[in-house]
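Colleague: below: sequence and its predicted model.
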Amino acid sequence: MSQFSQDFQADLRDLMCWRRDVRRFRTDPVDEALLRDCLATFALAPSVGLSEPWRVVRVQSPAARAAALTNFTAANATALDGYKGEKARLYSGLKLSGMREAPVQLAIFCDEATGKGAGLGAATMPEMRRYSVVAAITQFWLFARARGLGLGWVSILDPARLCQDLDIPDDWALVAYLCVGWPEQECATPELELAGWERRRQDVPVETR
């Protein structure tokens, strides 16, 4: 029998439903104590071999933010060139980053050379370290949402260029660039679905072998 009440289970499902990839932020600052409280959830995340390979870099200086935004702008233009017709029209109208407005921006890396965990579970599947970072981000995302914050995951970037601009160690691999702040509005429907880009599945295909 579950130790969690039915109300808690329903609230957790609602939280997952209302977790959105936010790209439209207010510019209001985020209280530092609140941000630190949310970041503390990384320590609760599962990781292969208990390696805890996540590395968090706060992108805060005007120079660092300008470099990241320039990176996104170039990568976004290249991505647009890969679409034709209706998809190109839709793509050009999408807002795919909140980097101009989000008060908090975090670059999340995986330390591929960490000695913590002594390589347990990563010898045959080294990508498990990066999956561990994604699991930590997911927990951070949900907890931030529960506190009223929005999070946007920017994936349209040149990782090598970003690592160079931020002077990142060679053994760290970029996993995510996150924009964090107060959302302009809240909606349970993904913005890409509202824009007509794609529709969310209502079921999960499961195959049996």
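Modeller: In hand now; what should we look at?

Colleague: Cys163 versus Val30, what's the distance?
Modeller: 25 Å (CB to CB, to the nearest Å). Where C-beta positions appear, they are placed from N, C-alpha and C, glycine not excepted.

Colleague: how many neighbouring residues does the closest residue to Glu112 other than its chain neighbours have?
Modeller: Using CB to CB, 6 or more residues apart in numbering and skipping the chain neighbours, the partner closest in space to Glu112 is Asp171 (5.2 Å). Taking other CB atoms under 10 Å as the neighbour definition, Asp171 ends up with a count of 12.

Colleague: which residues are in contact with Asp171?
Modeller: Under the criterion of CB atoms under 8 Å, 6 or more residues apart in numbering, the contact partners of Asp171 comprise 111-113.

Colleague: how about the helices in this protein?
Modeller: Secondary structure of the chain, counting by DSSP state H: helices at 6-18, 32-39, 62-81, 85-92, 128-146, 159-165, 191-194.

Colleague: list of residues touching stretch 31-40?
Modeller: Judged by CB under 8 Å, 6+ apart, the contacts made with stretch 31-40 from elsewhere in the structure are 56, 104, 140, 143-144, 147, 149, 180.

Colleague: redo that, cut-off 6 Å
Modeller: Contact with stretch 31-40 is made by 140, 143-144, as judged by CB atoms under 6 Å, 6 or more residues apart in numbering.

Colleague: restricting to C-alpha, output the one helix or strand in the chain whose mean pLDDT sits lowest in CSV.
Modeller: Using mean pLDDT, DSSP states H and E, the weakest-scoring helix or strand in the chain turns out to be helix 191-194, at a mean of 93. The C-alpha atoms that make up helix 191-194 are tabulated as CSV, following Å, rounded to 0.1, in the frame of the first residue of the first chain:
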residue,chain,number,x,y,z
GLU,A,191,3.3,25.8,-26.6
LEU,A,192,4.4,23.8,-29.7
GLU,A,193,1.0,22.1,-29.7
LEU,A,194,-0.8,25.4,-29.5
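
Colleague: residues of stretch 138-148 that come out buried?
Modeller: Buried residues in stretch 138-148, counting neighbours by 16 or more other CB atoms under 10 Å, are found at 139-145.

Colleague: residues contacting it, please?
Modeller: Stretch 138-148 is contacted by residues 15, 19, 38, 41, 45, 151 when judged by CB under 6 Å, 6+ apart.

Colleague: and of those, the nearest to Gln9?
Modeller: Nearest to Gln9 among the contacts of stretch 138-148: Leu15, at 10.7 Å, using CB to CB.

Colleague: output the longest strand belonging to this structure.
Modeller: Longest strand of the chain, by residue count under DSSP state E: strand 172-181.

Colleague: name the helices or strands packed onto that one?
Modeller: Based on contacts counted as 3 or more CB pairs under 6 Å, 6 or more residues apart in numbering; DSSP states H and E, the elements that strand 172-181 packs against are strand 104-111, helix 128-146, strand 150-154.

Colleague: okay, the ones you listed, which one's buried deepest?
Modeller: Per residue and on average, the most neighbours among the helices and strands packed on strand 172-181 fall to strand 150-154, with a mean of 24 (mean count of other CB atoms under 10 Å).

Colleague: Cys110 and Gly93, how far apart?
Modeller: Taken as CB to CB, the span from Cys110 to Gly93 is 33 Å.
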